[in-house]
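Trainee: Quick check, what structure comes out for this input:
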Amino acid sequence: MSAICEKMRLTGRCVLVTGASSGLGRHAAHLFAEAGARVALVARRRAELDALAREIAADGGEALAVAVDVTDAAAVSAAVDRIERDLAPIDVLLNNAGIVERGPALTFAAEAWNKVIDVDLTGAWHAAQAVAQRMAARSDSLPAGGGSIVNVTSYGAIRTAPLVPAYVAAKAALSHLTRALANELAPNRIRVNAIAPGLFPTEMTEGFLGSERASGFIERIPMRRPARLEELDGALLLLASDAGSYITGAEIVVDGGLTAS
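Mentor: Here you go, the predicted structure:
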């Protein structure tokens, strides 16, 4: 294997993926396992996590499923402790857990607003803080490129979208939090970056992709199509691995040119 390819390997690393039970998180868990990492799978749905762990094991990988609600700070901290005890010290966090609630701004319910902010922003903060605390405590033993936290934001963090006010607000805040953490945690050898996906096929988008509105939206994407899950792989591996050792505070947009249109 060439030195270039080797830099993007994750052999000997431990990666924690939140929101691992479906969509981008599920795909990323498989990707990281294929790249040689031990993978900690975190989400609320235990059955889906267990099934994913079995799939990874069947392919020769190692995974640990931990059911937890990321909105519960104490539960997140306990889950991180368990992962570091039963699997390995965490080298990479993919902060992917997210939900969306749809509705017009004039009638958007406070309950829906709080639910989205709690998962998409506060839940990401809980995971980032818990993992960063443990990374900082052992900064001298982190991989050559340091520890890595990768937050999944959205094209909606850059351009607004109708009928999802809490979602775009949470993702924009997570984008800015990424830069704040990158600045503060760099002395601890922890890199913090974000990936802003466009229209990918996930549980969150399946209803939209099957609707009449989707065709008009896709027409606004310069590449004129939704993404394929594997088209996120390059950005994921770059930011998680030593290939991105001098990248921090960045947000990589993977949206077929949507935010540039």
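Trainee: where in the protein is pLDDT low?
Mentor: 1-4, 206-208, 210 (pLDDT under 70).
Trainee: Centroid-nearest residue for it?
Mentor: Residue closest to the average C-alpha location in the chain (Cα atoms, centre = their mean): residue 96, at 2.8 Å.
Trainee: List the residues that contact that one.
Mentor: 17-20, 24-25, 28, 152 (Cβ atoms under 8 Å, 6 or more residues apart in numbering). Backbone N, C-alpha and C define where each C-beta goes, glycine included.
Trainee: do that again at 10 Å, thanks
Mentor: By Cβ atoms under 10 Å, 6 or more residues apart in numbering, the residues touching residue 96 are 17-20, 23-29, 42-43, 70, 124, 127, 150-152, 195, 197, 236.
Trainee: Would you tell me which strand is longest in the protein?
Mentor: If you go by DSSP state E, the chain has its longest strand at strand 190-197.
Trainee: Could you measure from the residue located most distally from the centre of the chain over to residue 112?
Mentor: Distance to the chain centre peaks in the chain at residue 106, reaching 30.3 Å (criterion: Cα atoms, centre = their mean). Separation of residue 106 from residue 112 (Cβ to Cβ, to the nearest Å): 13 Å.
Trainee: Next, the contact list for the residue nearest to residue 91 when sequence neighbours are not counted, please.
Mentor: Nearest non-adjacent residue to residue 91, counting by Cβ to Cβ, 6 or more residues apart in numbering: residue 13, 4.3 Å away. For residue 13, the contact set (Cβ under 10 Å, 6+ apart) comprises 32, 35-39, 88-92, 142-143, 147-148, 240-242.
Trainee: for residue 162, same thing?
Mentor: 102, 104-105, 168, 213.
Trainee: Which parts of the stretch 1-150 of the chain are strands?
Mentor: Applying DSSP state E, counting those that start in this stretch to the stretch 1-150 of the chain gives strands spanning 14-18, 38-43, 62-67, 92-95, 147-152.
Trainee: I'd like the ones you listed as JSON lines, with distance to residue 184 and mean neighbour count appended.
Mentor: Output for the strands of the stretch 1-150 of the chain, formatted as JSON lines (distance: least, Cβ to Cβ, whole Å; neighbours: other Cβ atoms under 10 Å):
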{"stretch": "strand 14-18", "distance to residue 184": "20", "mean neighbour count": "28"}
{"stretch": "strand 38-43", "distance to residue 184": "24", "mean neighbour count": "28"}
{"stretch": "strand 62-67", "distance to residue 184": "27", "mean neighbour count": "21"}
{"stretch": "strand 92-95", "distance to residue 184": "16", "mean neighbour count": "28"}
{"stretch": "strand 147-152", "distance to residue 184": "12", "mean neighbour count": "27"}
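Trainee: if I've got this straight, residue 178 is in a helix?
Mentor: Yes. Residue 178 forms part of a helix when assessed by DSSP: H, G, I helix; E, B strand; the rest coil.
Trainee: then stretch 196-211 to CSV, C-alphas only?
Mentor: In CSV, the C-alpha atoms belonging to stretch 196-211 read as follows (Å, rounded to 0.1, in the frame of the first residue of the first chain):
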residue,chain,number,x,y,z
ALA,A,196,-21.8,19.8,5.6
PRO,A,197,-23.7,17.2,3.5
GLY,A,198,-26.2,18.1,0.9
LEU,A,199,-29.0,15.9,-0.2
PHE,A,200,-28.1,12.3,0.8
PRO,A,201,-30.5,9.3,0.9
THR,A,202,-31.2,8.9,4.6
GLU,A,203,-34.2,8.3,6.8
MET,A,204,-34.4,12.0,7.3
THR,A,205,-34.7,12.7,3.6
GLU,A,206,-36.6,9.7,2.3
GLY,A,207,-40.0,11.4,2.5
PHE,A,208,-38.7,14.4,0.7
LEU,A,209,-36.9,12.4,-2.1
GLY,A,210,-40.2,10.7,-2.9
SER,A,211,-42.1,13.9,-3.1
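Trainee: Having no further points to raise, I will conclude here.
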